[in-house]
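Asker: generate coordinates for the sequence data below:
(2 chains)
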Amino acid sequence: MDNPVLTVLIAMLGGAIRVSTPFMFVALGETLTEKSGRINLGLEGTLVLGAMVAYAVSYLTGNAWLGVLAAGGAGTVLGALHGYICKLPRVNDVAVGIAMMSFGTGLAFFFGKPFIQPQAPHLEAIPLGAWSDNPALAQALEVNPLFFVGIILAIFLGWAFKNTRWGLIIRMTGDSAASAKAMGVSVDLVRFLATAAGGFLAGIGGAFLSLSYPGIWNQGLSSGQGLMAVALVIFARWDPVRAIMAALFFGAAGAIGPSLQAVGITQGYYFFNAAPYILTLIIMIISAGSKSAARDVPGELTMK
Amino acid sequence: MTLHSLSRRSLLKVGAAGLAATALPFGIARAQTNVILGIVYVGPKDDYGWNQAHAVSVAALKALPGITVVEEENVPETDAVAKSMESMINIDGANLILATSFGYYKPFVVDLAKKYPDVQFRHAAPLWNKETDPANAGSYFPYLNQAHYVDGVAAGLSTASGKIGFVAAKPIPSVLSNINSVLLGARSVNPNATVQVIFTGEWSLPVREAEATNALIDSGVEAITCHVDSPKVVIETAEGRGIKTMGHNASQAPLAPKGFITGAEYKWETIYKAYADDIAAGKTPPNFLIGGYNNDMLRNTPYGAGATPEAITAADAAIEALKGGAPIYKGTLKDNKGNVVVDKDYDNYDPYLDGMNWLLEGVQGSIT
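Answerer: Now for the predicted structure:
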């Protein structure tokens, strides 16, 4: 590669596509949950458990897509558990979420031990870059199908929140439980379902980590990506399409650190490795103060 | 979990814990063996890396008569390791404790060694200080850079351009020495060889390790090696993109059937066997034990499909030379900022090299 700027840009494009998918799924799941008026901080645990279950099932059955489904299933169970516990009186959803985070990772570490060494079948990527004779670009454009699933899902969710009956019910439950009750909607049921569905999506995000990129299972696999994705929801102001943008942005920023070192800008890599967090903070500070930002927060969230 | 709670309980019961060990019923089992070896790992013992290298060596000891092995994995470098080691001493009756992670040493190993003077503690990094640290503690460490030098020789002759990539965790001396040794090995057979390094900043960060590997491949390297806790991601990612690989810590050959050249491996069993023999014979194991190819503490992974015949010949010759003590850092060498950092032939264990804070000319990378 001759042109360093081009190299870094291609790496950022590749990074956006490769790294963003788990953030997308967790952020979409969390958006759905928070729109219903509940916060599930346990999605980091769901992500890790999803990764482990996906890897184990893919290894045992030889079918990676079965692994994805199983990860979704495991995520649903964790989400449902969170949803059920929060239904009980005087339970704080943030505290339960933190407990669920430890529970999910602990469960994954416990059952995941025998699967650290074996090699499980991966999800096949779609070689969209096959037309290019630039190997870096061809590699950057090897896109996992789950990436497109995530984008379509985000557009669908964004549309459904505005245009479907259940989308409006979720938003109403999230903005004012009293009005939902007045309408005869079971607030607990809506939140339970929204949390379980959010868990399903986060589980699939985990499956991407272990079955596509980086494509292994070990205990350091997530290193906090689930928590970052929950933060991205706030960054994206509870809008599914903006959540996708945030995830892409975050993935691209994460590629800056390694690729700068690869083109010879080797000083200050600790700083460049922190780029995603620094950029996220800057954008949040710029955008969070506005009135429209305050309007986007679901009214029932306990974070206010 | 049970190990921890038992440990706490036994601590409450008795202050003089040495007595407690003999009072416990487990003492019966102990009578049948001479050496009870307790080993603590910082991660899972099947991580294809650092912990696995220890675990494989300890597994080889289990078959020997007179040795009982007690293991605990995923012990963080906190108070938890003190509890683990203490329960190994009090409940299992361990008389030799091996602490395998860098951060275990101070204060945990040092404090426990003072508390249990009859138990031998050995730690896998050259940190023991004769003046200040207890006499029943100690250090052991093979100089893996010698095996990475062999990696470099093999890679220099298994690639056309001699462009080698290195995914490194942190710029500490042992990592820097591995990077420099790969370069010197490759330069010994190909004067144009270069090493391009990317630091990830953490010992285990799979996503960034994969990104770093992709970035190195995109910049045109032909072979990749690494110094991170679990090399699986780096090796698999490179193999997936058709790039040759050299392993680190343990054998990663099964992960790269097409492109694996060779890899740098520890041979901890040489050390562990020597310790066990000493204790069985009633001797105190040495406090400070370092080594490399000259005393059978290292090996290179059997050559894979990525190694060319010339590479195998040259690498085997390099191993023989290292066994005879041939120096790696010799002559006059400049760092990649132009300063002369090596002005004579250094012995492979020269203390000067332990303080390495430079990357040689030919390495693209920076330690800050």
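
Asker: top helix in chain B by residue count?
Answerer: With secondary structure taken from DSSP state H, chain B has its longest helix at helix B:173-189.

Asker: buried residues in it?
Answerer: Neighbour counts over helix B:173-189 (16 or more other C-beta atoms under 10 Å in any protein chain shown) mark B:174-189 as buried. Every residue, glycine included, has its C-beta placed from N, CA and C.

Asker: tell me the one of the residues you listed nearest chain A?
Answerer: residue B:179 (12.2 Å; C-beta to the nearest C-beta).

Asker: ok, that closest one to residue B:53 distance?
Answerer: 19 Å (C-beta to C-beta, to the nearest Å).

Asker: so where's chain A uncertain?
Answerer: Across chain A, the ranges flagged by pLDDT under 70 are A:1-2, A:289, A:302-304.

Asker: check the offset of the longest helix along it from the chain's centre.
Answerer: Assignment by DSSP H gives helix A:4-35 as the longest helix of chain A. Helix A:4-35 has its C-alpha centroid displaced from the chain centroid by 9 Å (C-alpha atoms, centre = their mean, to the nearest Å).

Asker: got it, and stretch A:78-94?
Answerer: For stretch A:78-94 - counting by C-alpha atoms, centre = their mean - the centre lies 21 Å from the chain centre.

Asker: contacts for it, please.
Answerer: A:29, A:33, A:38-42, A:45-46, A:49, A:96-97, A:100, A:103-104, A:188, A:191-200, A:202-203, A:302-303 (C-beta atoms under 8 Å, 6 or more residues apart in numbering or on different chains).

Asker: apply 6 Å and report the result again.
Answerer: A:38-42, A:46, A:96, A:100, A:104, A:188, A:192, A:195-196, A:198-199 (C-beta atoms under 6 Å, 6 or more residues apart in numbering or on different chains).

Asker: just the buried ones from those, in ChimeraX syntax?
Answerer: The ChimeraX command for the buried members of the contacts of stretch A:78-94 (criterion: 16+ other C-beta under 10 Å) is given here:
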select /A:38,39,40,41,42,46,96,100,104,192,195,196,198,199
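
Asker: so which of the contacts of stretch A:78-94 belong to helices?
Answerer: Short answer: those in helices (DSSP H) are A:46, A:96, A:100, A:104, A:188, A:192, A:195, A:196, A:198, A:199.

Asker: residues in contact with residue 104?
Answerer: All of this refers to chain A. So residue A:104 contacts A:45, A:46, A:48, A:49, A:78 (C-beta under 6 Å, 6+ apart).

Asker: nope, chain B
Answerer: Per C-beta under 6 Å, 6+ apart, neighbours of residue B:104: B:77, B:81.

Asker: name the SS class of it, please.
Answerer: Put simply, residue B:104 is helix when judged by DSSP: H, G, I helix; E, B strand; the rest coil.

Asker: before we move on, back to that, now for whichever helix or strand comes after the longest helix of chain B, which elements pack on it?
Answerer: Next along the chain after helix B:173-189, taking DSSP states H and E as the criterion, comes strand B:194-199. Other helices and strands packing on strand B:194-199, by 3 or more C-beta pairs under 6 Å, 6 or more residues apart in numbering or on different chains; DSSP states H and E, are strand B:163-168, helix B:173-189.

Asker: now with 10 Å, please.
Answerer: Under the contact criterion of 3 or more C-beta pairs under 10 Å, 6 or more residues apart in numbering or on different chains; DSSP states H and E, strand B:194-199 touches helix A:240-262, helix A:269-273, strand B:163-168, helix B:173-189, helix B:206-218, strand B:223-227, strand B:363-364.

Asker: just checking: what are the partner strands of it?
Answerer: Within its sheet, and counting by DSSP bridges, strand B:194-199 is paired with strand B:163-168 (parallel), strand B:363-364 (parallel).
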